[in-house]
Structures are given as C-alpha cells and as structure tokens.
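# the sequence isn't on hand, but the structure is:
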C-alpha cells in the first residue's frame, strides 16, 4: 500500500465518543456510544472506520468530499460484554471486520465473527469460527495469498483429550465463502505474503 500522500490522523474514543483528529489538530466527533472500533485505508487512500456501539450495531464511517458520514449496517450482537477485539482489513474494495468474543465459561476459549461487505451496497455476509483456543501468543493469525484469499489459522481445543490442534480455513475472495484449504482450486493459493495486515503507519490509536 502506497500511503505517502496520506496525512497523519489520530482516531480515538473518549467516554465512548468516537473522534478523529487531523494533522492540523482539528478534531471532529464522529459518533456517540461507540464500544469498539478499527480503521484502515483502501487502495484509493480513503479512510474507513468500523465501529461497534453498545447496542451491538455495526457502523461504517467514511469520508465523502471532506465530510464524514456514517452508515449503520446491522445489529450483529445482542450483548457486547464479552467482546475483546476488533480488526478491519480491506481487500479488493471489500471490508472485512473480525470481532473476537470470549466464551463466558472459559478463560481460554473464544469465537471470532467475520463480516464481509462492500460499501457500494452493504450486502453483508457473516461467518463465525467457534471454539478457538488461545495459546500463549495469539487467538488467531491472518495472512493473504496471491489471489487475495484470507487464510485464518487458529487452535482447537479437544475437551475430552485436553489437547490442542492447529486448524486452517480460507476465505475465497471471489465466492466470498469460507472453506478448507484443499477445496480451493488454486495451486498457488498458499504463497503467503507475510505481514500483509500491518496497519498503515499514519493511523494512531488511543485505547
């Protein structure tokens, strides 16, 4: 991603209000009641922010002609108390939101919901990966292949044997469906590009 023309900006929340501050120290309030958010930049150097409010609604924030606008997409969670993380990635003009939710009965079990949509029509697809076991380092790993397919790696816990096994699933960028790796008709689909999901250096977050 070439981001040399993007001016630095600062996205943060204060008392659950979402703000953006630009290089000129001008601050604009984007929304109230935001519980979690994530931002990224598309290939046309447009900033996109996705937020989850306290009612579990997913909202897309975008800038048009110098003015920030928002689109409340859909309610995706009935409760947000177990939401632990949210990440936004943009691939081929489609926004991919990954939200981590902790199981209330276990300290090491999580599930991840993936939301995929294009801002041109907001037709959203959802897929949930359940029973993810968190090891010492991570809950899941993401990479991308030459065909812009998302590769999702995670660990599964066997409640009987108490062992963990590694698993991998792939989101096909064309069909927009998740599948096992061996179902993809693409011989080069696992030439993984490392660090494809590093955030643009101009994005600064305040927790």
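Okay, I see it. The structure displayed is predicted, hence computed values, not measured ones.

# give me the sheet partners of the helix or strand harbouring residue 155 and which way each runs.
Element membership for residue 155 (DSSP states H and E) is strand 150-157. For strand 150-157, the pairing partners within the sheet under DSSP bridges are strand 125-133 (antiparallel), strand 140-144 (antiparallel), strand 164-172 (antiparallel).

# buried stuff in that strand?
Buried residues in strand 150-157, counted by 16 or more other Cβ atoms under 10 Å: 150-152, 154-155, 157. Quick note: C-beta positions are derived from backbone N, CA and C, even for glycine.

# just the closest of those to residue 58, please.
Of all the buried residues of strand 150-157, residue 58 sits closest to residue 150, with 18.4 Å by Cβ to Cβ.

# the nearest residue to that closest one once chain neighbours are set aside: neighbour count?
Counting by Cβ to Cβ, 6 or more residues apart in numbering, residue 171 is the residue found nearest to residue 150 once chain neighbours are left out, at 4.0 Å. Neighbour count of residue 171, defined by other Cβ atoms under 10 Å: 22.

# thinking residue 171 is in contact with residue 152, fair?
Yes. Contact between residue 171 and residue 152 holds when scored by Cβ atoms under 8 Å: they sit 6.9 Å apart.

# which residues are in contact with each of the two?
114, 178 (Cβ atoms under 8 Å, 6 or more residues apart in numbering).

# need the strands paired with strand 150-157 in a markdown table (columns: distance to residue 114 and mean pLDDT).
Below are those laid out as a markdown table (distance: least, Cβ to Cβ, whole Å; pLDDT from 0 to 100):
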| stretch | distance to residue 114 | mean pLDDT |
| --- | --- | --- |
| strand 125-133 | 5 | 95 |
| strand 140-144 | 10 | 93 |
| strand 164-172 | 7 | 93 |
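
# quick revisit: and which of the buried residues of strand 150-157 is nearest residue 139?
For those, the nearest to residue 139 is residue 154 (7.1 Å; Cβ to Cβ).

# quick one, what contacts the closest one?
112, 129, 132-133, 139-141, 166-168.

# among the residues you listed, who's most crowded?
Among the contacts of residue 154, residue 132 has the most neighbours (other Cβ under 10 Å), with 22 neighbours.

# quick check: the gap between that residue and residue 44.
33 Å (Cβ to Cβ, to the nearest Å).

# and residue 24, by the same measure?
22 Å.

# in space, what's closest to residue 135 - neighbours in sequence excluded?
Closest to residue 135 by Cβ to Cβ, 6+ apart is residue 155, at 5.8 Å.

# against residue 136, how distant is the one you found?
Distance from residue 155 to residue 136, by Cβ to Cβ: 11 Å.

# repeat that for residue 21.
Residue 21 is 36 Å from residue 136, by Cβ to Cβ.
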